[in-house]
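[1] for reference, the sequence and a predicted model appear below.
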Amino acid sequence: MEGLLHRKVFRKNPFLGYMHMSLAFGWFLLIFIGHLEVIAWAGSLSFPFYYPVFFRYFVTDEGHFFFSGTFSFIMDLLLLFVLSGVSLAYFKRFRSRIFGMRKTTQLKWGDQLALSSLWLIFPLRLLSESITAGIYDNGNFLTQSIGNALDSWLPLPAIELGVWTAYSCSLGLFFIALPLSRYMHIPAEILFIFLRNYGIKLKKRENTYSRVQVFSCSRCGICLDTCQLNDADIRTTQSVYVLKNIRNKNLTDELLFNCLLCGRCQQVCPVGIELNDLRITQRIESTRQYNSQYDYLKETGSKQADVVYFAGCMTHLTPGIKKSMTQILDYAGINFWFMDEDKAPCCGRPLMQAGQYDAARKLIENNENHINRSGAKILLTSCPICYKVFKEDYSLPKIKVKHHSEYILELVKAGKIPTEKSNLKIVYHDPCELGRGSKIYNQPRELLRKYARLIRTKEEKENSPCCGGSLANIKIQMSERDQIRDKALQEFARYNPDILAVSCPLCKKTFSKGRDLAIKDISEIVAMQIKDY
């Protein structure tokens, strides 16, 4: 589905998907069916290794072995299938917008060499097999028709060996150029997809698995159009360029750190490369010597509670959310410990995004100890950034981590929070770390529908835009952030909502500095209802 049929590319554009699928799946079938054909002809598995590639040249009088006519028909059909993809590939180099791509990557010399030989392989194979068919009458509907036409005006026996040699050379040249080009992704991505589905995960250190992912990038350019840095006219730091420079060992800090880590590129990557984690891994390698001590952490303590509420740094900078959450928890009668109400360490995620892994681990270990000693069954957070690191990097074996959009919905369903639907029109924005990062899409929407009319938008869920305030980008200018924010707000404003609902304090803080649009967190919308009771 991923390595041969390219289902994700089909979602991007049907023409682009068909082009990739016909080349990958078509070539695979030519190899596979070609081997079956030779096995049927030989009657065993014993035959020269090159026969499946050059079968029509070496076996001109194949006789009538089992299903010989069927095999020749299928092989002609598959060759036509691949050639249709090659034709689209030719066309794409000059009219990429028809394939849904506004931007494409530039080719280096190794790519040019591999691409040129790849484009020649299948036309030369068609010509070679057609010439042989014209001489020996051993083709089928495609090759035989072309062979008969060529036989009327070309000396086929005189040119047969030369054309087959050209086909052989183009095939050989492609595999010689393969390691020097982006087409190294062909073997690498098959290995990567196997390892990923086997359960291998990317760690926070550069290793063989991370290098396999780097080489699995085909530099197709699909990630370029979806990157919101384009809105700020930043066009050189996208993931495809980072992976290329990792391969070439010339990665700079500007390339590495000028990224929102929003995950939009990862969402559309046809191979599913873990682009965010790869970039964080590289940041860890780049900043290893800068990690801090954090000796003061030993001074904090724990309290016993059923629920630990961790607001997070950004929630403290948006006091409306913090106030709404305490009102909701008090109203529902929850025995909770506001862990970072007075003072507490950060969750560690921003440090990790900046590459400060060892420093982040010190914060994580400290917080783990206090949370585990609380005796709580639930760790509740308002910040998706905190939620993601608690879920993925903390060891909390007896505690369920919940985002407040999930937990408030549970309280509503349990009858502990009142609901009364209003006529307010609400558009909901999926935060990067909660949506694409943690796959929480439905719970916030289900909760909002209990209080207002929720309007669907074109760019939502996995396609939701980043607010632009990402803590992960330490190179971007504030004016550039504003451009990204304003473009996102412009899209939401098209629906004329009464409220733009968010479920992330950073998104609220960022959007609130933009155009005149009411921005409220989900918790604030629920708390407004509580005040009326």
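    Sure, I can see it.
[2] for this protein, which residue occupies the most central location?
    residue 266 (2.1 Å; CA atoms, centre = their mean).
[3] the nearest residue to residue 326 once chain neighbours are set aside pairs with what?
    Excluding its sequence neighbours, the residue lying closest to residue 326 (CB to CB, 6 or more residues apart in numbering) is residue 338, at 6.9 Å. Where C-beta positions appear, they are placed from N, C-alpha and C, glycine not excepted. Beta bridges link residue 338 to residue 309 when assigned by DSSP bridges.
[4] per-residue pLDDT of residue 338, please?
    You'll see residue 338 listed with a pLDDT of 96.
[5] residue 530 versus that one, what's the distance?
    According to CB to CB, to the nearest Å, residue 338 stands 18 Å off from residue 530.
[6] kindly report the same for residue 250.
    Distance of residue 250 to residue 530, given as CB to CB: 56 Å.
[7] how about residue 174?
    If you go by CB to CB, the gap between residue 174 and residue 530 works out to 67 Å.
[8] higher neighbour count, the two?
    Between residue 174 and residue 530, counted using other CB atoms under 10 Å, the more crowded position is residue 174 (20 against 15).
[9] show me what contacts the closest residue in space to that one that isn't next to it in sequence?
    Leaving aside its chain neighbours, residue 174 sits nearest to residue 117 (4.1 Å; criterion: CB to CB, 6+ apart). Residues near residue 117 by CB atoms under 8 Å, 6 or more residues apart in numbering: 170-171, 173-174, 177.
[10] list the buried residues of the helix or strand where residue 117 lies.
    Using DSSP states H and E, residue 117 maps to helix 109-136. By 16 or more other CB atoms under 10 Å, the buried positions in helix 109-136 come out as 110-111, 113-115, 117-122, 124-136.
[11] beyond the helix or strand residue 412 falls within, next helix or strand please.
    Residue 412 is part of helix 404-413, with elements assigned from DSSP H and E. On the C-terminal side of helix 404-413, the nearest following helix or strand under DSSP H and E is strand 425-428.
[12] for that following strand, which outside residues touch it?
    Under CB under 8 Å, 6+ apart, the answer for strand 425-428 is 444-445, 448, 452-455, 457, 460, 492, 495-503, 525.
[13] let's see it at 7 Å
    444-445, 448, 452-455, 457, 492, 495, 497-501 (CB atoms under 7 Å, 6 or more residues apart in numbering).
[14] neighbour-wise, which one of those leads?
    Result: residue 501 is most packed of the contacts of strand 425-428 (other CB under 10 Å), 28 neighbours.
[15] so which elements touch the one helix or strand that one maps to?
    Counting by DSSP H and E, the element that carries residue 501 is strand 499-502. The contact analysis (3 or more CB pairs under 7 Å, 6 or more residues apart in numbering; DSSP states H and E) places strand 499-502 against strand 425-428, helix 505-512, strand 519-521.
[16] rerun that using 10 Å as the cut-off
    Applying 3 or more CB pairs under 10 Å, 6 or more residues apart in numbering; DSSP states H and E, one finds that strand 499-502 contacts strand 425-428, helix 442-449, helix 478-493, helix 505-512, strand 519-521, helix 522-531.
[17] gap between residue 130 and residue 156?
    9 Å.
[18] hey, what's in contact with both of the two?
    Residues touching both residue 130 and residue 156 by CB atoms under 10 Å, 6 or more residues apart in numbering: 147, 150, 163.
[19] run through the chain and note the low-pLDDT ranges.
    62-66, 99-101, 103-104, 291-296, 298-300, 532-533 (pLDDT under 70).
[20] where exactly do the helices run in the stretch 251-400 of the chain?
    Along the stretch 251-400 of the chain, the stretches classed as helices by DSSP state H, counting those that start in this stretch are 253-257, 264-268, 275-286, 313-316, 319-331, 349-353, 357-373, 384-393.
[21] residue 215 is nearest to which of those?
    helix 275-286 (11.5 Å; CB to CB).
[22] in that closest one, what's buried?
    Counting neighbours by 16+ other CB under 10 Å, helix 275-286 gives 275-286 as buried.
[23] list the contacts for residue 529?
    Counting by CB under 10 Å, 6+ apart, residue 529 has contacts 328, 412, 417-422, 450-452.
[24] what subset of the residues you listed is buried?
    Neighbour counting over the contacts of residue 529 (16+ other CB under 10 Å) leaves 328, 412, 417, 450-452 as the buried ones.
[25] roughly how far apart are the residue lying closest to residue 479 once chain neighbours are set aside and residue 380?
    Spatial nearest neighbour of residue 479, chain neighbours left out: residue 232 (8.0 Å); criterion: CB to CB, 6+ apart. Residue 232 sits at a distance of 35 Å from residue 380 (criterion: CB to CB).
[26] roughly how far does the closest residue to residue 184 other than its chain neighbours sit from residue 76?
    Distance criterion CB to CB, 6+ apart; nearest residue to residue 184, sequence neighbours excluded, is residue 215 at 5.2 Å. Here residue 215 is placed at a distance of 34 Å from residue 76 (CB to CB).
[27] please spell out which residues along stretch 455-471 are buried.
    For stretch 455-471, by 16+ other CB under 10 Å, it's 457, 460-461, 464-471.
[28] dump those residues into CSV; add distance to residue 333 as well.
    Output for the buried residues of stretch 455-471, formatted as CSV (distance: CB to CB, whole Å):
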residue, distance to residue 333
457, 36
460, 34
461, 33
464, 34
465, 38
466, 37
467, 34
468, 39
469, 35
470, 37
471, 34
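[29] that's a helix at residue 235, yeah?
    No: counting by DSSP: H, G, I helix; E, B strand; the rest coil, residue 235 is not found in a helix; it is coil.
[30] what about it, how many neighbours?
    That count, for residue 235 with other CB under 10 Å as the rule, works out to 12.
[31] could you list every residue that touches it?
    Residue 235 neighbours (CB under 10 Å, 6+ apart): 103, 224, 227, 229, 241.
[32] residue 2 too?
    Counting by CB under 10 Å, 6+ apart, residue 2 has contacts 8-9, 189-190, 192-193, 196-197, 270-272.
[33] out of the helices and strands packed on strand 499-502, flag the one nearest residue 368.
    Closest among the helices and strands packed on strand 499-502, using CB to CB: helix 505-512, at 22.7 Å.
[34] which parts of that closest one are buried?
    Buried-residue list, helix 505-512, by 16+ other CB under 10 Å: 505-512.
[35] contacts for the helix or strand harbouring residue 194 next, please.
    Secondary structure from DSSP H and E places residue 194 in helix 185-198. Counting by CB under 10 Å, 6+ apart, the neighbours of helix 185-198 from elsewhere in the structure are 1-4, 23-24, 27, 114, 178-179, 200-202, 208-209, 211-220, 243, 270-274.
[36] quick one on the thing from earlier: closest to residue 323 among the contacts of residue 235?
    residue 229 (34.4 Å).
[37] quick one on the thing from earlier: which one's more surrounded, residue 232 and residue 380?
    The neighbour comparison of residue 232 against residue 380 (other CB under 10 Å) goes to residue 380, with 27 against 19.
[38] list the buried residues in stretch 372-384.
    In stretch 372-384, counting by 16+ other CB under 10 Å, buried: 372, 374, 376, 378-384.
[39] now stretch 391-400
    Applying 16+ other CB under 10 Å to stretch 391-400 flags 391, 393-394, 396, 399 as buried.
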